[in-house]
Structures are given as C-alpha cells and as structure tokens.
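Enquirer: just need the structure, nothing else, for what follows:
(chains A and B, ligands or ions: 1)
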Amino acid sequence: MMWLGWALAALGFALIFGQYAAGQADIFVSIANPRPLDEESMVVTLKGWGFAAQAAQPFVTPESDHGLCDVRLFATRRQMLVAIATFGFLRPVTVAWRANAGILPLGDA
Amino acid sequence: MPIVKLGEEGRWTNYHGTGTCEAATRFALRSGDAERGRDEIAIAAKSVQDWLAQAAAEKRRVRPLGAGWSPSNVNISSQSWLLHTRRFNRCFRMGADDVRPGIDAGALMLVEAGALVDEVSDKFEEQGRSLWTSGAGNGQTFAGASATGTHGSMIARGGIQDHIRALQIVTPAGIRWIEPDAGVMSDAFIAATGSTALRDDNMFAAAQLPVGSLGIVTALVVDSVPKFLVRPIQNLRKVDRAALDWLAAGDFRRFSAAYALDQDPDFVQMIVNPYKPFKRPAMLRFLYREPWRDDYPRATPGQLGAGYDALSLLGRLLNDYPWARGPLLQFAMKQGYASGPDIDAPPVYGSWGEGLDTHRPLADLFNASVTIDRADLARAFERICAVYARHGGSTVVTIRFMERAQGLLAPARFTHNAVIDFDGPRSQRTADAYARVVECLDAEGITFTRHWAKSCRLDAARVAADYGEDFRRWRAARDRLLPDPAHRALFGSEVLDNLGLTC
Ligand SMILES: Cc1cc2nc3c(=O)[nH]c(=O)nc-3n(C[C@H](O)[C@H](O)[C@H](O)COP(=O)(O)OP(=O)(O)OC[C@H]3O[C@@H](n4cnc5c(N)ncnc54)[C@H](O)[C@@H]3O)c2cc1C
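Expert: Below is the predicted model:
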C-alpha cells in the first residue's frame, strides 16, 4: 500500500506544480493597430476564492482618453506561491496595461 | 500649451527595464488640432523651447523619450525632466508649394517626432507610398529610431534615418530647421514652422543620427518610395559554411537559390544557434519585392513571419540549465520562427508595413550587436559563435545585411555591412559572453562598430576611435548648434556624457 501513498503524493505534487507553472502564464489581449504608451500595472487580490476582489490601488490610468492598447494578466512566482499556500483563498494577480496614443487622421502640412 | 505635466517627481523605467530614471519629473508633449502641420509644429516647438528654459532655470537636465526601447540607456537620465513624445504623433501630406523647385512633394510627409514607425508606415501606405526599410519591429518613434540608427536587413538599403530629408530641432538657443545644402522645403514653409533655416550638409548628417544629444527633435520630413509588395519565405535549413563566402561577396542570389527561391532577394536574414551553427538548422528569412497590386490576399503579420518573442519565454531555463542551452535554443527557434511560409507553401504577400508588428512586452531581453564589413563575415562569424558559445551566451545570433547608412554616427559605416545581433533573454552570463566577442574581434584585428541603442558598453575613447574624423565633424556640428556648454550639459546624462556626446 505504501506505493499507493507515494503515487498519490506524487500526483498531488504534480497537480500543484502544474497550477504553479501555468498560473504564471502571460495572458495578453491587444487592439488591432496599437500605438502603446508606457506600461502600468497593479496587483488585484481575489479573496475567498473569487467572492471579493481588492486592488492595491484604484484602476485609474492617466492619458487613457484614447482607450487602452493592450492588457496583460499574469501571476508572479511569489503570487502563485501565496495562492497555493492559502489553498486559493487569496489569489493575487498582476494586471498590466498600456494606454493608446491614438491614431489621428492624415492632415495637410 | 501642448506640454502637460504627468504627476509628481518619481521613477521611470525604460521598456526593457535596463535603466531607471530616479527622481524624474515627467511631461508629455501632445499633438494639437491646428489645421496645418506647419502651425502645429510652430506651436509645439515654441512650447518645447519655453519648457527647456524652465528646466534650465530649475537646474534640471532634460531627456526626450520616444518609445523608451533603447536598452543601452541612452534614454535614461536621473534627477531630470523627461519629455514623453508618443502623443505628439500627427502626420501631414506635403503640397507642391511647400517644397523647393525640383523636389517631389508627393514622396514626402511631415511627421511629428513622436509618431511611431508603424504610424508613419500606415500613413504612407494610405497615400500609395512606403518606407523602404525599418527595424524588425515598428513600435519605436520615428525620431527615437533615427536617433540610434535603427536598421533592418534590406540588403540594398541603409538605416531608417536615411528616410529623413529635413528636421526641426529645438534648443534653448533657438528653433532650427536643418536640411542639406541643396535645401528641401521652401523658405516660406520653414518660416511658418517658427524655425530658422540651417542648410548645411555636415549639420544635417550630424542631426540625422543625433543619439538624443543635439536638442529636441520636434518634426521630421520623411521620404518614401512607391508602395510595394513583399513575398516572405521563412524556413529552417542547415547552412553550409561555404554559403558565408557567397554572403560576404554579396552573392545573395546564389544564397537565395540554394535555400529559398532562385530570384534576387531584397531582404536576407539568418538566425543561427551559436552552439554548432552549421550543424543545426538556421532560421532563414527572405523577402522578395514585387510591384504593388491591390488584389493580393491579405495575411496577418504572423502569417507574414513577423514576431520574435518565443526566445524570451525560455530565458530562465537557458540561464538555469547551461548544459541544455544548444538544444533549448534550437527548440525555441523551431517554436518561434518556423511558422513562416516556405517555398512549397502557397505564397503570401504583404506591404512593407504589414510584415512588421509593434512588439509586446515580455520577459527581460538582452540586445547587443556588432557591425562589421561584410567582406569579413566568413572570417569573423565562426569565431564569434565559438567565443560566444564557449562563454555561455544564451541567445541566438542573427546576421543582417545593409548598405552604408547616412548620418555621421551611423554604425553601418562600411560600404557593405553585416550586422551580427545577439538578441534574447537577459543574463549576466550572456552580457559577459558578448564582452568576450568584442575582445575577440579586437584581438583578431577585425574592425567593427556597435549599436547606439543596444547594451554594447561603449565609452568616449572607443567612440572617438571607431568614428574618427566623422566623430570630430559631428562634435563640430554639435558645438555650432549648441555653442553654450551649459546648453550641451542640459541634454547630458551619465550615459551620454560617458560616450563623449554631451560634454
Ligand atoms: C523589441 C525591439 C526590437 C528592436 N529591433 C531593432 C532592429 O530590428 N534594428 C535596430 O537597429 N534596432 C532595434 N531595436 C532598437 C531600437 O530600434 C532603438 O532602441 C530605437 O532607438 C528605439 O526608439 P525609441 O523611440 O524607443 O527611442 P528611445 O529609446 O526612447 O530613445 C532613443 C534615443 O533617442 C532620443 N530621443 C527620442 N526621441 C527624441 C526626440 N524627439 N528628440 C531628440 N531625441 C530623442 C532619446 O533621448 C534617446 O537618447 C529594437 C528594440 C526593441 C526593444
């Protein structure tokens, strides 16, 4: 029976490691013809398995009057470790975005 | 006032995170809605001049910023005022009356300095025109890309700065409109931009590639060619050693016939794994130019073979597992580059601009390069790969080709150039391996220059030695444009001072 215990432990470890690695993936969404400004980012912590979300700062971005160019969503190694250590109760993620400089029509010199 | 302050004093980090401006106050230069381009840039240039006076009064240095893409930190200056330009991005078509007799106004466009290369390319294509070359990505600003001599691999072309026909530069001492002796724009046009004309070949050649040291470039007149189509071929092939001799001799046709189409290519790029460069397949990219036609089937940048990113994802692995570097790099090349169309795939076509993309921020990258005389390629390349691999360099090595580029400080200063790039994930070991490559080239007596924007570790003595008389001419032009040492110091930074450009 011992081997079954080890096999289950290995499976459990593999499951957790898989979540740890995949959670650091970088999800990227962009508009079609981007004119990006500098990247800004914030950390959002999902609490209670997603029942509540708390951002360390309010979601405001200066210079966003032409909208956003792109958004990235990812967790750092440390953020994934926090999520695993708290059984997913806390799930910090980083949201990064770049505002759009805008595309203005061709004018006459 | 087209300049707005962005928040309080703080830190600003460049695109690749290679440098941070501490205690920097950020400002943004923004486009207005003036009806004519000349009025718009007159207003902007005056605001920039007032802003420079304020910075000088507050004893702050200034640093204009494009997209912040240069990892050499030529865009970094602490305790300074930063001027973001990316929202100063309008483009304007020229009228026949705006230019001097004999100049084709239809080929030219007035571009605000913060317009991205992508924007300039799109606006030209709207008018049936095109840039003739650019870098691998097009997310730089036109002024920023030109400032460092950005280049691609169009074999019969130089750098992106070659497109510039005239430019407006603002210093505390004045607003100058710089052109070659022969002139480009009409006197009335120049006066309407609020600038004083400075027609001088030497000054123009200095200002085409200013490395951010001659003042703030507010506008450029950019040249173009009629729009054309390119057909890309991208494949993984084992390249024979002898093929380097063909490339060194400029026999691109033979190289193309052996590895792609039996046609004269316009663009040739070879990405190799420095761990056994001739045993492992190299990633080859060719572009063949064709006359424009409207009815070609549209393809995405990915289908046209754009994109350069897979390698950065492997950064940590490459650093952590040195014994697996060769196979890991090869795996990354397969994943990242092999998606382009090969010779037996249905042909795809795109305009010059459609085959490029603006790049997205990923892992930390290392970028460095050496530009050598193309004739030295066969002699230098294997040595470079051997030294780089032996010292643990963890990036692929790319060879690109170009002709002599314009600008006194253009790194592509040989008649025919081969540029060898080391682009990939950043690590100290890779930076050290690159330093060993530089030592090796020096020891072998192979002449080379380095890119202003990349992590090439140049200093003033080396710049003076590499550029010789051209450097002296560049400094003479600078001293004419900025005769007051205090004004030169205003544009200084630790990096630029160290390069001998601002002091
Ligand atoms: C993903 C990526 C791909 C790249 N590909 C290539 C390539 O294929 N070929 C190549 O040669 N290089 C390449 N580079 C390097 C890149 O082209 C250069 O770093 C270029 O200078 C970046 O332009 P920028 O607008 O970001 O300028 P920045 O990095 O912001 O600025 C560069 C310099 O220009 C000055 N400057 C900017 N705007 C102005 C202005 N308006 N007036 C006066 N000075 C100004 C800055 O102060 C600084 O000194 C690449 C870089 C990256 C990050």
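
Enquirer: poorly predicted segments of the chain, please.
Expert: No chain in the question, so chain A it is. Across chain A, the ranges flagged by pLDDT under 70 are A:56-60.

Enquirer: sorry, I should have been clearer: chain B.
Expert: Flagging of chain B using pLDDT under 70 yields the residue ranges B:1, B:306-322, B:335-339, B:358-363.

Enquirer: what residues does it have near the ligand?
Expert: B:15-16, B:63-70, B:74-75, B:85, B:113, B:135-137, B:140-141, B:143-145, B:147-148, B:150-152, B:211-212, B:216-217, B:359, B:451, B:453 (Cβ under 6 Å from any ligand atom). All C-beta spots, glycine's among them, are computed from the backbone N, C-alpha and C.

Enquirer: just give me the neighbour total for the nearest residue to residue B:36 once chain neighbours are set aside.
Expert: Residue nearest to residue B:36 in three dimensions, not counting chain neighbours: residue A:108, with 6.0 Å by Cβ to Cβ, 6 or more residues apart in numbering or on different chains. Neighbours of residue A:108 under the rule other Cβ atoms under 10 Å in any protein chain shown: 13.

Enquirer: where do the helices sit along the stretch 51-200 of chain B?
Expert: B:117-126, B:142-147, B:187-192 (DSSP state H, counting those that start in this stretch).

Enquirer: show me what contacts residue 106?
Expert: As the question left the chain open, I've gone with chain A. Listed by Cβ atoms under 8 Å, 6 or more residues apart in numbering or on different chains, the contact set of residue A:106 reads B:91, B:92, B:93, B:123, B:126, B:127.

Enquirer: my question was about chain B, not that one.
Expert: Residue B:106 makes contact with B:94, B:127, B:129, according to Cβ under 8 Å, 6+ apart.

Enquirer: any idea how far it is from residue B:118?
Expert: 22 Å (Cβ to Cβ, to the nearest Å).

Enquirer: kindly report the same for residue B:24.
Expert: 26 Å.

Enquirer: cool, residue A:38 as well?
Expert: Taking Cβ to Cβ, one finds residue A:38 at 17 Å from residue B:118.

Enquirer: who's more crowded, the two?
Expert: Legend: neighbour count by other Cβ under 10 Å for residue A:38 and residue B:118, higher for residue B:118 (24 against 19).

Enquirer: once you drop chain neighbours, what's closest to the more buried one?
Expert: residue B:138 is the one closest to residue B:118 (Cβ to Cβ, 6+ apart), at 4.2 Å.

Enquirer: and that neighbour, how far is that from residue B:195?
Expert: Residue B:138 is 28 Å from residue B:195, by Cβ to Cβ.

Enquirer: also residue B:401?
Expert: 37 Å.

Enquirer: returning to what we had before: the ligand: which of the contacts of residue A:106 is nearest?
Expert: residue B:91 (14.8 Å; Cβ to the nearest ligand atom).

Enquirer: what about that closest one, neighbour count?
Expert: 25.

Enquirer: now the stretch 351-500 of chain B against the ligand: closest residue?
Expert: For the stretch 351-500 of chain B, Cβ to the nearest ligand atom, closest residue to the ligand: residue B:453, 3.1 Å.

Enquirer: before we move on, what about chain A?
Expert: residue A:38 (10.5 Å).

Enquirer: give me the neighbour count for residue B:498.
Expert: So residue B:498, with other Cβ under 10 Å, has 17 neighbours.

Enquirer: once you drop chain neighbours, what's closest to it?
Expert: residue B:459 (5.8 Å).

Enquirer: so what's the one you found up against?
Expert: Per Cβ under 8 Å, 6+ apart, neighbours of residue B:459: B:498, B:499, B:500.

Enquirer: same check on residue B:130?
Expert: Here residue B:130 is in contact with B:121, B:124, B:224, B:225, B:226, B:227, B:228, B:351, B:352, B:353 (criterion: Cβ under 8 Å, 6+ apart).

Enquirer: could you identify which of those has the most neighbours?
Expert: Counting by other Cβ under 10 Å, top hit in those: residue B:124 with 28 neighbours.

Enquirer: contacting residues for that one?
Expert: Contact analysis of residue B:124 by Cβ under 8 Å, 6+ apart lists B:109, B:130, B:131, B:222, B:224, B:227, B:353.

Enquirer: of the residues you listed, just say which sits nearest to chain A.
Expert: Comparing the contacts of residue B:124 against chain A with Cβ to the nearest Cβ places residue B:109 closest, at 8.0 Å.

Enquirer: touching, that closest one and residue B:165? I think so.
Expert: No: between residue B:109 and residue B:165 there is no contact under Cβ atoms under 8 Å: 9.9 Å.

Enquirer: of these two, which one has the most company?
Expert: residue B:109 (26 against 21).

Enquirer: residue B:115 versus that one, what's the distance?
Expert: For residue B:109, the distance to residue B:115 - Cβ to Cβ - is 9 Å.

Enquirer: okay, and the common contacts of the two?
Expert: B:91, B:123.

Enquirer: list the backbone torsions phi and psi for residue B:218.
Expert: Residue B:218 adopts backbone torsions of phi -100, psi -30, taken as degrees, to the nearest 10.

Enquirer: the one 10 residues further on too?
Expert: Note on residue B:228: backbone dihedrals following degrees, to the nearest 10 are phi -140, psi 160.

Enquirer: ends of stretch B:88-102, what's the gap?
Expert: Taking Cα to Cα, to the nearest Å, the first and last residues of stretch B:88-102 lie 30 Å apart.

Enquirer: cool, stretch B:261-276 as well?
Expert: End to end - Cα to Cα - stretch B:261-276 spans 25 Å.

Enquirer: flag every residue of chain A that's near the ligand.
Expert: Counting by Cβ under 6 Å from any ligand atom, chain A has no residue next to the ligand.

Enquirer: run a quick neighbour tally on the residue of chain A found nearest chain B.
Expert: When scored by Cβ to the nearest Cβ, chain A has residue A:109 as its residue closest to chain B, at 4.0 Å. Under the neighbour criterion other Cβ under 10 Å, residue A:109 is assigned a count of 27.

Enquirer: need the contact list for it.
Expert: B:36, B:37, B:38, B:92, B:93, B:94, B:95, B:98, B:109, B:110, B:189.

Enquirer: which residue packs closest to the second one, ignoring adjacent ones?
Expert: Counting by Cβ to Cβ, 6+ apart, residue B:37 lies nearest to residue B:92, which is 3.2 Å off, once chain neighbours are set aside.

Enquirer: test my guess that the one you found contacts residue B:109.
Expert: Yes: counting by Cβ under 8 Å, residue B:92 touches residue B:109, with 6.7 Å between them.

Enquirer: quick check: longest helix in chain A by residues?
Expert: helix A:2-22 (DSSP state H).

Enquirer: who touches that one?
Expert: A:77, A:80, A:81, A:84.

Enquirer: buried ones in that helix?
Expert: For helix A:2-22, the buried set under the neighbour-count rule, 16 or more other Cβ atoms under 10 Å in any protein chain shown, is empty.
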